[in-house]
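Visitor: Any chance you can model this:
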Amino acid sequence: MDTEAKEYFANVIALSQGIFEAVQYTTDITPKRAILRLQAQYKQYRILITELFDVRIRKYRYYVLREKRIEAGFDNSPDPRAIRLKYGRISKDHVGEPVPHLQSRG
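Guide: Sure, this is the predicted structure:
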């Protein structure tokens, strides 16, 4: 996992540096998990990225903020509303399942 995560993180960082301004990031990589935390500016927006790889799953959060307000957020948290939209209801088979979805202020 170390090599795969390092390569993926390097690509995310390079892409971010080519698009955004004031890119700052930290990585924390161990044999069992890897974390990238990145923040940057794009015009009047602040961009926050968190990526986590572990032996079981990949988790991510991408947020676009304007001042202190979330304009849009993309993540794959086990959100009950997203699970209901995907499956129609929440059964015990899908409780806690990560589901990619958008959060917005509108």
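
Visitor: Let me see the ranges of the strands in the chain.
Guide: For the chain, applying DSSP state E gives strands covering 21-29, 33-42, 45-54, 58-66, 69-75, 101-104.

Visitor: shaky segments in the chain?
Guide: Low-confidence segments of the chain, defined by pLDDT under 70, span residues 1, 101-102, 105-106.

Visitor: longest helix of it?
Guide: Taking DSSP state H as the criterion, the chain has its longest helix at helix 2-19.

Visitor: which parts of it are buried?
Guide: Buried residues in helix 2-19, counted by 16 or more other Cβ atoms under 10 Å: 5, 9, 12-13, 16. Every C-beta, even on glycine, is put in place using the N, C-alpha and C of the backbone.

Visitor: now do stretch 48-60
Guide: Per 16+ other Cβ under 10 Å, stretch 48-60 contains these buried residues: 49, 51-53, 59-60.

Visitor: Including distance to residue 99, could those go into JSON lines?
Guide: Output for the buried residues of stretch 48-60, formatted as JSON lines (distance: Cβ to Cβ, whole Å):
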{"residue": "49", "distance to residue 99": "19"}
{"residue": "51", "distance to residue 99": "17"}
{"residue": "52", "distance to residue 99": "16"}
{"residue": "53", "distance to residue 99": "18"}
{"residue": "59", "distance to residue 99": "12"}
{"residue": "60", "distance to residue 99": "12"}
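
Visitor: coming back round to it: list the helices and strands the longest helix of the chain packs on?
Guide: Taking 3 or more Cβ pairs under 8 Å, 6 or more residues apart in numbering; DSSP states H and E as contact, the helices and strands that helix 2-19 lies on are strand 21-29, strand 33-42, strand 45-54.
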